[in-house]
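Colleague: here is my input; please provide its structure:
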Amino acid sequence: MIEIEKTTALTSVQDLGRSGCLNYGVGRAGAMDPLALQLGNLLLGNAPGAAAVEIPLFPFRVRFLEDCAFAVSGNDGDILLDDEVLPPWWVAQARAGQTLTVNASRYSARAYLHLPGGVDVPEVLGSRSTQLRGAFGGFEGRGLQKGDRLRAAEPARAMKTDVGIASPWLRFADLSSQVQPVRVLPAGEHLAYTADSRARFWQQDWKITPQSNRYGYRLEGEPLVARQTMEMRSHGIVPGVIQVPHNGQPIIQMSDAQPSGGYPKFATVIEADLWLLGQIPPGRRIRFIECNFEQAREAWLAQQAYLQQVDKQIKQLRQA
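Modeller: Below you'll find the predicted structure:
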């Protein structure tokens with residue numbers, strides 16, 4: 001069991017999100033960086049989609065109320081177990097009374113704290129993710145607060161600790177880049193915009209504004225201009241869809257995106273790059289790279305192969 005000592009209301013319990021509920025008007029929720037969530041779980045021997053604590057603001061501090069192995073994934077900031085500095089992407093053993101502090105990363109926006117078996121909260125509609133807007137799931141349907149206590153889903157067990165992996169950023173991205181490329185597919189209303197706007201969408205850098213959150217990333221750049229005014233009925237949308245409101249400044253739907261919306265769909269971030277987008281903090285700039293369906297599929301398969309490779313390597317290490 002752990003007790004929260006320092007956090008913000010934006011910290012929440014998340015897993016890989018809810019599937020199959022969009023037709024009921026229930027959004028997916030889930031980790032903003034699903035790759036980090038899965039890797040941290042593999043490090044600890046959990047199911048890849050086990051629930052973890054998603055930490056978007058720092059410093060974050062918890063106290064262990066009993067002996068417990070844990071892992072931290074998702075960032076490269078200073079991680080302290082009492083006064084001992086731990087490497088990033090690492091499994092460690094905490095003793096009752098010890099304090100874990102996770103500090104801000106130089107490059108990434110979020111970290112994840114993993115407990116054995118995952119965080120023990122009730123499953124709602126097939127997921128343990130917190131749906132903040134609907135106030136359900138996770139821990140009492142809300143963000144975590146000082147004094148909250150969370151249990152691991154599995155009792156303390158003997159396991160190999162003081163092991164870790166190299167950051168997946170070395171394989172898939174360079175988060176130190178001032179302008180991060182993000183791959184997207186053109187979407188339904190792409191051709192409804194002027195040729196100049198379509199070209200500008202790919203050529204210019206877009207700033208992620210401070211008004212961005214788990215619901216959506218609001219971008220700032222030279223506005224996109226439609227050929228004519230469009231009035232659309234609300235239609236289904238999913239995380240990754242890039243919509244364009246009347247002011248021409250795109251909005252990327254993120255993990256807590258509502259299941260429907262009426263703005264035109266200009267493009268869609270490919271599934272394999274959603275983790276990367278979730279780790280880019282407000283104030284940074286991105287540039288969109290056009291790709292086709294086959295390239296998006298290849299990127300997804302490469303990411304799945306990487307996860308399988310890491311899982312195999314960790315299991316071999318534990319058996320050594």
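Colleague: strands along the stretch 201-320 of the chain, start to end?
Modeller: Ranges of strands within the stretch 201-320 of the chain are 206-208, 216-220, 235-236, 241-243, 251-253, 260-261, 265-269, 285-290, based on DSSP state E, counting those that start in this stretch.
Colleague: could you dump the ones you listed to a markdown table with mean neighbour count and distance to residue 277?
Modeller: C-beta here means a position set from N, CA and C on the backbone, and glycine is covered the same way. A markdown table is the format used below for the strands of the stretch 201-320 of the chain (neighbours: other Cβ atoms under 10 Å; distance: least, Cβ to Cβ, whole Å):
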| stretch | mean neighbour count | distance to residue 277 |
| --- | --- | --- |
| strand 206-208 | 21 | 9 |
| strand 216-220 | 20 | 7 |
| strand 235-236 | 11 | 20 |
| strand 241-243 | 25 | 11 |
| strand 251-253 | 24 | 7 |
| strand 260-261 | 16 | 18 |
| strand 265-269 | 24 | 6 |
| strand 285-290 | 17 | 8 |
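Colleague: ok, of those strands, where does mean pLDDT dip lowest?
Modeller: In terms of average pLDDT, strand 235-236 trails the rest of those, at a mean of 86.
Colleague: so how far is that strand from its chain's centroid?
Modeller: Remark: strand 235-236 is offset 23 Å from the chain centroid, using Cα atoms, centre = their mean, to the nearest Å.
Colleague: what about the strands of the stretch 201-320 of the chain, which gets the closest to residue 157?
Modeller: strand 265-269 (38.1 Å; Cβ to Cβ).
Colleague: any chance you could map the helices in this protein?
Modeller: Here the chain has its helices, by DSSP state H, at 34-44, 169-172, 195-203, 274-278, 293-319.
Colleague: identify whichever of those helices lies nearest to residue 163.
Modeller: The nearest among those, by Cβ to Cβ, is helix 293-319 at 5.9 Å.
Colleague: please tell me how far residue 45 sits from residue 63.
Modeller: 23 Å (Cβ to Cβ, to the nearest Å).
Colleague: which of the two has more neighbours?
Modeller: residue 45 (21 against 16; other Cβ atoms under 10 Å).
Colleague: OK, contacts around the nearest residue in space to that one that is not next to it in sequence?
Modeller: Closest residue to residue 45 apart from its sequence neighbours, by Cβ to Cβ, 6 or more residues apart in numbering: residue 159 at 6.2 Å. Each residue near residue 159 by Cβ atoms under 8 Å, 6 or more residues apart in numbering is listed here: 44, 45, 69, 91, 116, 318.
Colleague: residues in contact with the first one?
Modeller: By that I understand residue 44. With contact taken as Cβ under 8 Å, 6+ apart, residue 44 is in contact with 69, 70, 71, 91, 114, 115, 116, 159.
Colleague: what does the most far-flung residue of the chain relative to its centre show for phi and psi?
Modeller: In terms of distance from the mean C-alpha position of the chain, residue 228 ranks first, at 35.6 Å (Cα atoms, centre = their mean). The phi and psi values for residue 228, taken as degrees, to the nearest 10, are phi -150, psi 160.
Colleague: what does stretch 211-219 rub up against?
Modeller: Against stretch 211-219 from outside (Cβ under 8 Å, 6+ apart): 10, 32, 56, 132-133, 206-209, 249-258, 277, 282, 286.
Colleague: the biggest strand by length in the chain versus strand 285-290: what angle between them?
Modeller: In the chain, with assignment by DSSP state E, the single longest strand is strand 179-186. Put simply, strand 179-186 runs at 40 degrees to strand 285-290, going by axes from the mean of the first three to the mean of the last three Cα atoms, to 10 degrees.
Colleague: okay, now the sheet partners of strand 179-186, with direction.
Modeller: strand 265-269 (antiparallel), strand 285-290 (parallel) (DSSP bridges).
Colleague: adding distance to residue 224, write the ones you listed out as JSON lines.
Modeller: Below are these laid out as JSON lines (distance: least, Cβ to Cβ, whole Å):
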{"stretch": "strand 265-269", "distance to residue 224": "7"}
{"stretch": "strand 285-290", "distance to residue 224": "12"}
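Colleague: and the ones you listed: which comes nearest residue 39?
Modeller: Comparing the strands paired with strand 179-186 by Cβ to Cβ, strand 265-269 comes nearest, at 20.0 Å.
Colleague: tell me the angle of the closest one relative to helix 195-203?
Modeller: Using the same axes, to 10 degrees: strand 265-269 against helix 195-203 is 20 degrees.
Colleague: and the angle from strand 265-269 to helix 293-319?
Modeller: 30 degrees.
Colleague: now the angle from strand 265-269 to strand 216-220?
Modeller: Using the same axes, to 10 degrees: strand 265-269 against strand 216-220 is 110 degrees.
Colleague: could you dump strand 265-269 to PDB, C-alpha only?
Modeller: Output in PDB follows, covering the C-alpha atoms of strand 265-269 (Å, rounded to 0.1, in the frame of the first residue of the first chain):
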ATOM      1  CA  LYS A 265     -11.700  16.200 -39.400                       C
ATOM      2  CA  PHE A 266      -8.600  17.400 -41.200                       C
ATOM      3  CA  ALA A 267      -6.200  14.500 -40.300                       C
ATOM      4  CA  THR A 268      -5.600  11.700 -37.700                       C
ATOM      5  CA  VAL A 269      -2.400  11.000 -35.700                       C
END
